[in-house]
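Undergrad: Got a predicted structure here, sequence first:
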Amino acid sequence: MHSLNWLIDLIHPKNRRERLTKAEKAKSNGAVRVPKGHVALYVGKEKKRYEVPVKYLSLPSFEQLLAQSQPNELDIKNDGPIVLPCTIDTFNRLLWEAKACYPSCAR
């Protein structure tokens, strides 16, 4: 029976979880990587995902959208994704304007 311990250890779910790579752990947690210097934003009812340079967030139009996305302005903790309350077309227009302000950030 002692010789089968390695097989039991291999099959047991607890041990499989311990052997997950960092990428697998990120996927299993629902986390998605964002390039350095960027933040993930989800836009509109469709929750389309954008990776936006952090610099853009200092623009007044982005500040207003971020303020509108927070249900409680006194609560600074954010446990989930940032969902912006505008249409995709409106957001694309804001991105175009932001790229004009910060051409070095445009991808």
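TA: That came in fine, so what should we check first? Numbers count the residues shown, from 1 in each chain.
Undergrad: Next, the buried residues of the top helix by length along the chain.
TA: Across the chain, the helix with the greatest residue count (assigned by DSSP state H) is helix 88-101. Buried residues in helix 88-101, counting neighbours by 16 or more other CB atoms under 10 Å, are found at F91, L94, L95, A98. All C-beta atoms are positioned from the backbone trio N, CA, C, and that covers glycine.
Undergrad: how close does the last one get to Y50?
TA: Meaning A98. Using CB to CB, to the nearest Å, A98 is found at 11 Å from Y50.
Undergrad: mind listing what Y42 touches?
TA: With contact set as CB atoms under 8 Å, 6 or more residues apart in numbering, Y42 has these partners: K48, R49, Y50, P81, I82, V83, L84.
Undergrad: can you do 7 Å?
TA: By CB atoms under 7 Å, 6 or more residues apart in numbering, the contact set of Y42 is K48, R49, P81, I82, V83.
Undergrad: do you know how far it is from P103?
TA: Y42 sits 25 Å away from P103, taking CB to CB as the criterion.
Undergrad: circling back: could you redo the buried residues of helix 88-101 as TSV and give each row pLDDT?
TA: What follows is the buried residues of helix 88-101, written out as TSV (pLDDT from 0 to 100):
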residue	pLDDT
F91	95
L94	94
L95	94
A98	92
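Undergrad: nearest to K36, of those?
TA: Comparing the buried residues of helix 88-101 against K36 with CB to CB places A98 closest, at 18.2 Å.
Undergrad: got a pLDDT number for the residue nearest to L94 when sequence neighbours are not counted?
TA: Beyond its immediate neighbours in the sequence, the residue positioned closest to L94 (CB to CB, 6 or more residues apart in numbering) is S61, lying 5.1 Å away. Reading off the confidence values, S61 has pLDDT 91.
Undergrad: Repeat that for Q70.
TA: What the model reports as pLDDT for Q70 is 75.
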